[in-house]
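**Student:** Turn this into a model:
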Amino acid sequence: MLSLKNEPLLIKEIVTTILNKLLSLSVGDTENMVGLDVRIQEVEMRLCLESNDILMLGIWGMGGIGKTTLAKAVYNKIRSQFEMCSFFENIEEDLAKKGLIRLQQKFLSQLLEEPNLNMKVLTSIKERLCSKKVLVVLDNVNNPSILKSLVGNQDWFGRGSRIIVTTRDKHLLASHGVFNIFEARRFSNKETFEFLTHYSLKHRVSIDDFMELSREVLGYAQGLPLALEVLGSFLFSMTREEWRNQLNKLKCTPNSKIQEVLEISYDGLDDKEKNIFLDIACFFQGEDKDYVIEILDGCGFFSLSGIRALLDKSLITIYSNKLMMHDLIQEMGREIVRRQSLQEPGERSRLWFHEDIYDALKRNTASEKIEGIFLNVSHLEETLEFTAQAFPRLSKLRLLKVYKSKDTSRNFKDTSNKEKCRVNFSKDFKLCYDCLSCLYFHEYSFKSLTSDFNPKNLVELSMPYSHIQQLWKGIKVLKKLKFIDLSHSKYLIQTPDFSGVTNLRRLVLEGCMYLRKVHSSLGDLKNLSFLNLKNCNMLKSLPSSTGDLKSLETLILSGCSKFEEFPENFGSLEMLKELYADGIALTVLPSSFSFLRNLKVLSFSGCRNGFVTLPSTISLLSNLAVLALENCKRLQALPPVLPSGLIKLDVENCTSLKVFSSQDLKSLLPTWDLEKRRFKAYHYYRSFPALYAFIPGSRIPDWIRYQSSGSEVKAELPPNWFNSNFLAFALSFVSFPQFTCIRFEAFASFHRTSSDNSPSLDISTGGLMHIRTKLESDHLCLFGFPLPMIIPYSHMTHIKVSFKLSGPIEIKRCGVGLVYNNNEDENHSNLPMIKFNPLPIESTVVLEEIHEGETSGNGCSNNVDSS
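**Tutor:** Numbering: from 1, shown residues only. Predicted structure coming up:
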């Protein structure tokens, strides 16, 4: 019989048990919550619930992405496995209202289920919980002091405890030592449609309306659950006319509920980080990260650390080194700028919409508050006057860009009104240069920059398609200037004195067709890494100081049809990696050319006078991977030894090429360094060409032993063919392609003896042929085909190779040969076989190239780190 004293405790225990069971069962409701089950499973894996270790997990992502929903679902599912549990919400609000001590007291009170708990010392949490297995979720944490005061160290809690923190700030987690991080992700398109289907069924929306509305919502929300929930809850209850009208409104005025949630992350930034965020949202979405860092550093924003903060708070992402931003995040940033002055655009800090800019300049209402103007003149319907009255007032102007859309024709000869720039500069036009970091004028109409041009903070000066004849007179000391672009400025005759811009990194003079002289101060540009002089038709040479460009990595001279000679000290360009000199008039290379030891790409395609042969010293360019000599009509012979690292040789349409023996071709293949390539496995076998050559001719060399007409060749392999000297298969075919870009593929199928019923082993390889001009005759394509070294080939006795080209192109003949080191012949009976740890022959994996220095395989670790 139970005593009255123990009865309340017993009742509490029974109620708690039943409640835990109900809560764990309630997770079944999440089956109707799109995409949640798979995310719960991923979080559970990271929690390692079978372990008795104490573990902290961060759930990180942008606002509205579903962090809280996911954390609640996980909490409800696993809470029955713990002695004490707490899902702690509204933490930031409680901290602001009640302070740290009261926050700790509330936290401990929830865990211990003691409403009247009186906590007097900070050590109480550790003292009360160090022996308890607890589950704690701290939701929406943005202040590091919260983590320090509530879950300071792992030894505050008992064995098997789990602490989950949801946050928008990845740095907050890292600073507390939480590196086990689950990144909450947006809905896929499929999940989005599934999510919206619930609203469609609820409001009985027709199929046609559902498809149209769903596509609109998908484009707007881009998988953000909050936006989908907000829009779905009211758009699907409207008529077609109403929701179309509402969607048009959203393009101008963001939804306040969505805006409010997203803006929380912005509010947590410091002033410089806010400026960086607004600049990206208004001007630099999709731009190269390194370029943006340079521009914003010129504004004094410490942008490297600022961009890191934006990444940590999920406000931006970086993809292929470009700064990317969810459309709703971008719209949030632009709305913050709009709110600075709803009625008067000229009172805002940033202007990007052409109508707002036109309005501010036309009515002369542009104020000193403006920091940036990006005007796309392609959208202007009337000519806009840049007058002397408007711009001098803009004393805080940092960024000024007048440009045309990338998809608009940039043909300088097109003088139609539609293509002409619709900005007119008054004769007395002036700018305030004090803060200017970026200056970009498309079709700048003056012959030179104004005499007062002296922007000390300028990082970029771009004036494509300008009327500039002389950029500036004398010396301009611009220490921060990194980029100059005067491309297609057809009136430019000579470059300015560069001695005052010694930090310049990129110089683009492409299409300056009357440029005759490059100033001798070019050599002062010790930091210049990129120089583009493409299609400077009148340029005959470069100054001797060019050899002093110790940082130059890329030089483009293609289309300089009168360019006759390199400086004799050209080989001093020790960092040069890419040289494009197609169509120049060069006949002799300087003797120092062989010193370009870092050169990887060399293109002399279509040289007008052309080489009869290349110097033998070209073989010293050990890092040269691509040698392009297409359409060099006078080329008669290649050097006896080609660079050891050569991967691609293009000599298409070299109609005078005669001295090119089969041994020349064969000598190319063994130079490929097999040790520098390794392979990792996926789901089917694939290899990569080791060398690719495209050569005039209709005969496959005799040393490619197995040949056949058509696109398929079969062969019985010699005994002991796969030995320690084996390098690769040489694959070849003859064709007469008529297209500019052709994809070729080869499929090799290996078979065992006819008495063995084991399945065949199939491997594929392929690549692209870029044919720049129409071919005049049959061409031979030759490429090396190395074998992945993790597969047992020694028992393979037969091979079949099939070739395939894109488009209706006939393969006239094809062949396959075996290539061995040290020019061994095919009598291999005394050579050792290659040894390896074989995979089962039934394995199906894909072979993907791993560059030297990378690790292979996934690797498993007890420490999960997704940061």
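**Student:** Find the centremost residue of this structure, please.
**Tutor:** Ser320 (0.6 Å; C-alpha atoms, centre = their mean).
**Student:** separation between that residue and Asp288?
**Tutor:** 9 Å (C-beta to C-beta, to the nearest Å). For glycine as for every other residue, the C-beta is placed from the backbone atoms N, C-alpha and C.
**Student:** One more: Phe210?
**Tutor:** In terms of C-beta to C-beta, Phe210 sits 40 Å off from Asp288.
**Student:** Cys814 too?
**Tutor:** Distance from Cys814 to Asp288, by C-beta to C-beta: 43 Å.
**Student:** what about those two, which has more around it?
**Tutor:** Cys814 (25 against 13; other C-beta atoms under 10 Å).
**Student:** show me what contacts the more buried one?
**Tutor:** 700, 707-708, 710-713, 731-734, 801, 803 (C-beta atoms under 8 Å, 6 or more residues apart in numbering).
**Student:** ranges for the helices of the stretch 151-300 of the chain?
**Tutor:** Here the stretch 151-300 of the chain has its helices, by DSSP state H, counting those that start in this stretch, at 170-175, 189-203, 207-221, 225-235, 240-250, 256-267, 271-279, 289-297.
**Student:** between these, which gets nearest to Leu596?
**Tutor:** helix 289-297 (25.4 Å; C-beta to C-beta).
**Student:** Hey, what's the angle from the helix or strand following that closest one to helix 271-279? Just curious.
**Tutor:** Downstream of helix 289-297, the next assigned helix or strand under DSSP states H and E is helix 303-312. Using axes from the mean of the first three to the mean of the last three C-alpha atoms, to 10 degrees, the direction of helix 303-312 lies 70 degrees away from that of helix 271-279.
**Student:** what does helix 303-312 contact?
**Tutor:** The contact list for helix 303-312, computed with C-beta under 8 Å, 6+ apart, reads 169-172, 269, 272-273, 276-277, 280, 289, 292-293, 296-297, 316-318, 323.
**Student:** can you rerun that using 10 Å?
**Tutor:** Contacting residues not belonging to helix 303-312 are listed as 60, 167-175, 265-266, 268-270, 272-277, 279-280, 289-290, 292-297, 301, 315-318, 323, 325, 329, 867 [C-beta atoms under 10 Å, 6 or more residues apart in numbering].
**Student:** Would you mind checking these for buried ones?
**Tutor:** 60, 167-173, 265-266, 268-269, 272-277, 279-280, 289, 292-297, 301, 315-316, 323, 325, 329 (16 or more other C-beta atoms under 10 Å).
**Student:** Would you mind giving the secondary structure of Cys781?
**Tutor:** strand (DSSP: H, G, I helix; E, B strand; the rest coil).
**Student:** Distance of the spatially closest residue to Ser656 that is not a sequence neighbour relative to Leu147?
**Tutor:** Nearest non-adjacent residue to Ser656, counting by C-beta to C-beta, 6 or more residues apart in numbering: Gln636, 5.0 Å away. Distance, Gln636 to Leu147, using C-beta to C-beta: 74 Å.
**Student:** average pLDDT for stretch 653-660?
**Tutor:** Summarised as a single mean, pLDDT over stretch 653-660 is 70.
**Student:** What of stretch 424-434?
**Tutor:** For stretch 424-434, the mean pLDDT works out to 80.
**Student:** Tell me the buried residues in it?
**Tutor:** So for stretch 424-434, counting by 16+ other C-beta under 10 Å, buried means Phe425, Phe429, Leu431, Tyr433.
**Student:** My guess is the first one contacts Ser445. True?
**Tutor:** What that stands for is Phe425. Yes: judged on C-beta atoms under 10 Å, Phe425 makes contact with Ser445 at a distance of 5.2 Å.
**Student:** which regions of the stretch 751-867 of the chain lie under the pLDDT threshold?
**Tutor:** 752-762, 764-774, 788-794, 807-808, 822-867 (pLDDT under 70).
**Student:** Please repeat the previous calculation with a cut-off of 50.
**Tutor:** Low-confidence segments of the stretch 751-867 of the chain (pLDDT under 50): 754, 825-867.
**Student:** Repeat that for the stretch 301-450 of the chain.
**Tutor:** 407-419.
**Student:** Where do the strands of it begin and end?
**Tutor:** In the stretch 301-450 of the chain, the strands defined using DSSP state E, counting those that start in this stretch lie at 317-319, 322-324, 350-351, 372-376, 384-386, 399-403, 423-425, 438-441.
**Student:** Pick the most deeply packed of those.
**Tutor:** Burial of the strands of the stretch 301-450 of the chain is given as mean neighbour count (mean count of other C-beta atoms under 10 Å); strand 350-351 ranks first at a mean of 26.
**Student:** neighbours around Trp748, how many?
**Tutor:** Rather than Trp, residue 748 is Ala. 21.
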